[in-house]
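In: heads up, no residue letters with this:
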């Protein structure tokens with residue numbers, strides 16, 4: 001009986017406690033909610049456009065930006081008040097011997113209740129603080145500026161072709177000139193008594209002057225005509241191709257001429273900058289990625305000029321050192337800057353990043369801010385805030401298909417292979433035709449004698465009846481009759497006056513005959 005009484009008493013006590021808990025749970029929840037709604041938070045942040053910047057005003061009214069909009073919206077829903085405090089050392093936070101600097105250090109020391117900034121979620125920071133749901137995704141990129149002036153060097157005139165192509169074009173010219181000379185000497189149709197034989201110098205000049213017909217040589221044999229025609233077609237093709245690709249190398253580069261990858265920027269030998277004490281600084285310093293290591297080698301070569309205090313200082317450096325300095329930064333900040341200035345542009349994507357609010361370990365505010373971000377996402381307020389601070393750059397020229405056609409291109413042997421093969425085939429056919437013309441000609445009675453006369457005798461074969469003669473010294477003959485009366489002839493008839501003549505040379509002097 002005693003045992004049954006004890007069990008009944010224990011059950012009654014448990015039921016009473018449960019009733020009291022159920023009755024006071026809504027009241028407890030209301031009291032805690034009221035405490036959260038009446039709380040005043042000290043929120044740490046940092047100036048970084050467009051996340052936060054100072055404007056005219058006092059207190060929270062002296063700030064504006066993407067972060068300010070998020071905190072303002074969440075505070076209106078959750079019912080708390082806040083005040084913004086800037087980082088004491090203008091850094092986000094880096095661990096140094098167990099102690100943290102910047103905003104993370106202020107949070108650990110209890111100087112602020114939370115962090116609301118473009119704070120990147122990293123593994124080292126997660127070991128020291130808690131993060132809310134990420135409110136923005138980003139990636140690392142390079143911010144550059146178009147050069148104010150473009151220097152066009154003499155080498156720009158040779159850039160349309162690679163150096164291998166230039167050497168091959170020179171070899172093609174020398175080979176074609178030699179083949180034209182050989183065909184002119186071998187073909188009997190080119191060896192006549194009325195025209196001089198084609199010399200090697202004339203052959204070189206003919207291939208250059210065929211464009212404006214300044215050479216006296218006119219091919220008559222099929223072999224020389226084939227060589228001349230093939231070279232003319234090859235000449236026209238190369239000249240037109242060169243001048244079509246030359247303007248982009250001499251004109252001011254367009255957006256299509258900007259580097260496309262981070263490796264292209266590294267190859268240009270630019271200097272790089274990074275915000276001191278940020279997550280990007282830590283990533284590049286400790287990364288095993290070869291591309292990150294190449295950037296860090298450039299940065300560590302000159303710490304004094306490569307470590308930047310903040311993005312605003314880095315942007316001023318990019319503008320002042322236009323074309324020679326690049327800032328490593330998050331794509332969100334770079335997108336905002338490029339929308340303000342069309343001469344700025346970003347290149348590459350080094351690493352994905354996520355921004356979130358930071359809280360002390362075990363903070364009850366972490367859940368409320370995550371819920372507030374989710375609510376803003378579902379209602380479209382988060383995307384509206386993004387569009388407000390990162391509008392599309394509508395006034396900047398966009399890269400189109402026509403502008404991509406103006407991109408600088410250096411042609412290689414693969415590009416000029418068809419015309420080069422065409423010229424090679426013409427050279428072979430020209431030599432074969434010249435041999436056929438020589439072997440089938442009726443004028444060639446003795447092949448050794450013909451070859452000897454063609455290559456070792458500078459004058460063409462002539463008729464054996466043709467004899468050498470000295471140039472005449474007489475240039476003018478003057479005939480006249482004497483004015484003196486002549487002696488009458490037989491029968492009393494006067495004879496005609498005798499004729500006299502003199503011969504003068506080119507100098508007007510009397511010639512001796």
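Out: Cool, got the structure. Since this is a predicted model, take the numbers as computed values, not measurements.

In: where exactly do the helices run in the stretch 351-500 of the chain?
Out: Assigned by DSSP state H, counting those that start in this stretch, the stretch 351-500 of the chain shows helices spanning 365-379, 381-389, 401-404, 417-440, 447-456.

In: angle of the first one against helix 381-389?
Out: By that I understand helix 365-379. 80 degrees (axes from the mean of the first three to the mean of the last three C-alpha atoms, to 10 degrees).

In: what's next to helix 365-379, contact-wise?
Out: 36, 41, 70, 73-74, 77-78, 113-114, 130-133, 135, 357, 359, 382-383, 385 (C-beta atoms under 8 Å, 6 or more residues apart in numbering). The C-beta positions use only the backbone N, C-alpha and C, and glycine is treated the same way.

In: Flag every buried residue along it.
Out: By 16 or more other C-beta atoms under 10 Å, the buried positions in helix 365-379 come out as 365, 366, 368, 369, 370, 372, 373, 376.

In: Could you do the second one as well?
Out: Of the residues in helix 381-389, those scored as buried under the neighbour-count criterion (16+ other C-beta under 10 Å) are 382, 385, 386, 389.

In: tell me what that helix is packed against?
Out: Judged by 3 or more C-beta pairs under 8 Å, 6 or more residues apart in numbering; DSSP states H and E, the packing partners of helix 381-389 are helix 66-78, helix 365-379.

In: May I have the distance across stretch 192-208, first residue to last?
Out: End-to-end distance of stretch 192-208: 25 Å, with C-alpha to C-alpha, to the nearest Å as the criterion.

In: Distance from that stretch to the middle of the chain?
Out: 47 Å (C-alpha atoms, centre = their mean, to the nearest Å).

In: Buried residues, it. List them.
Out: 197, 198, 202, 203, 204, 205, 206, 207.

In: Likewise for stretch 112-126?
Out: Neighbour-count burial for stretch 112-126 [16+ other C-beta under 10 Å]: 112, 113, 114, 115, 116, 117, 118, 119, 120, 122, 125.

In: for whichever strand or helix holds residue 326, packing partners?
Out: Using DSSP states H and E, residue 326 falls within strand 325-330. The contact analysis (3+ C-beta pairs under 8 Å, 6+ apart) places strand 325-330 against strand 136-145, strand 271-275, helix 279-286, helix 311-320.

In: Given that strand, what are its sheet partners and their directions?
Out: strand 136-145 (antiparallel), strand 271-275 (parallel) (DSSP bridges).

In: Give the rounded mean pLDDT of the helix or strand containing residue 167.
Out: Residue 167 belongs to helix 163-186 when assigned by DSSP H and E. For helix 163-186, the mean per-residue pLDDT is 90.

In: Now do the helix or strand just after that helix and helix 163-186, the angle between them.
Out: Sequence order places helix 200-209 as the next helix or strand after helix 163-186, per DSSP H and E. Between helix 200-209 and helix 163-186, the angle comes out at 130 degrees (the same axes, to 10 degrees).

In: what's the angle from the helix or strand that comes right after helix 200-209 to helix 200-209?
Out: Sequence-wise, the next helix or strand downstream of helix 200-209 (DSSP H and E) is helix 222-245. Using the same axes, to 10 degrees, the inter-axis angle of helix 222-245 relative to helix 200-209 is 40 degrees.

In: Low-confidence ranges, this structure, go.
Out: 1-37, 148-153, 193-195, 211-212, 214, 248-257, 393-408, 457-513 (pLDDT under 70).

In: on that earlier part again, list just the one of the helices and strands packed on strand 325-330 that sits closest to residue 178.
Out: strand 136-145 (50.6 Å; C-beta to C-beta).

In: Pull the distance from that closest one to the chain's centre.
Out: The answer for strand 136-145 is 19 Å, by C-alpha atoms, centre = their mean.

In: Which residues belonging to it are considered buried?
Out: In strand 136-145, counting by 16+ other C-beta under 10 Å, buried: 136, 138, 139, 140, 141, 142, 143, 144, 145.

In: can you check stretch 427-439 too?
Out: Neighbour-count burial for stretch 427-439 [16+ other C-beta under 10 Å]: 427, 430, 431, 433, 434, 437, 438.

In: cool, and stretch 79-99?
Out: 80, 82, 84, 86, 87, 89, 90, 91, 92, 93, 94.

In: hang on, the earlier thing: among the buried residues of stretch 112-126, name the ones in strands.
Out: Residues of the buried residues of stretch 112-126 located in strands (DSSP state E): 114, 115.

In: and which of the buried residues of stretch 112-126 is nearest to residue 421?
Out: For the buried residues of stretch 112-126, the nearest to residue 421 is residue 120 (56.7 Å; C-beta to C-beta).

In: Which residue, other than its chain neighbours, is closest to the closest one?
Out: Nearest residue to residue 120, sequence neighbours excluded (C-beta to C-beta, 6 or more residues apart in numbering): residue 279, at 4.0 Å.

In: Spit out the contact partners of the one you found.
Out: 92, 120, 122, 125, 353.

In: Would you check how far apart it and residue 185 are?
Out: To residue 185, residue 279 is 78 Å away according to C-beta to C-beta, to the nearest Å.

In: repeat for residue 56
Out: 92 Å.

In: Tell me the buried residues within the contacts of helix 365-379.
Out: 41, 70, 73-74, 78, 113-114, 130-133, 135, 357, 359, 382, 385.

In: Just flag the most distant two among the residues you listed.
Out: Among the buried ones among the contacts of helix 365-379, 130 and 385 lie farthest apart (C-beta to C-beta), at 23.3 Å.

In: Give me the phi and psi for residue 344.
Out: Main-chain torsions, residue 344, degrees, to the nearest 10: phi -90, psi 150.

In: burial of it, as a residue count?
Out: 21 (other C-beta atoms under 10 Å).

In: Ok, the one 3 residues further on next?
Out: For residue 347, the count of nearby residues is 19 (other C-beta under 10 Å).

In: Setting the sequence-adjacent residues aside, check what's closest to it.
Out: residue 142 (4.7 Å).

In: Could you do residue 355 as well?
Out: residue 136 (4.4 Å).

In: what residues are up against the one you found?
Out: Counted by C-beta under 8 Å, 6+ apart, residue 136 has contacts 118, 332, 354, 355, 386.

In: So what sits opposite the fourth one in the bridge?
Out: In other words, residue 355. Bridge pairing for residue 355 - DSSP bridges - gives residue 120, residue 136.

In: looking at it, it is touching residue 139, isn't it?
Out: No: Residue 355 lies out of contact with residue 139 (C-beta atoms under 8 Å); the separation is 11.7 Å.

In: any idea how far residue 147 is from the nearest residue to residue 392 once chain neighbours are set aside?
Out: What sits nearest to residue 392 in space, not counting adjacent residues and going by C-beta to C-beta, 6+ apart, is residue 339, at 7.3 Å. Distance, residue 339 to residue 147, using C-beta to C-beta: 21 Å.

In: quick one: which of these two has more around it?
Out: Under the criterion of other C-beta under 10 Å, the comparison of residue 339 against residue 147 puts residue 339 first, with 18 against 14.

In: so that one is in which element?
Out: helix 331-340.

In: State the next helix or strand along the chain beyond that helix.
Out: strand 344-347.

In: tell me what that following strand is packed against?
Out: Strand 344-347 packs on strand 136-145, helix 262-267, helix 331-340, going by 3+ C-beta pairs under 8 Å, 6+ apart.

In: how about a cut-off of 10 Å?
Out: strand 136-145, helix 262-267, helix 311-320, strand 325-330, helix 331-340 (3 or more C-beta pairs under 10 Å, 6 or more residues apart in numbering; DSSP states H and E).

In: Other residues contacting the second one?
Out: Same thing as helix 262-267. With contact meaning C-beta atoms under 10 Å, 6 or more residues apart in numbering, helix 262-267 is reached by 140-142, 144, 258-259, 261, 272, 290-292, 294-295, 297-298, 326, 328, 347-350.
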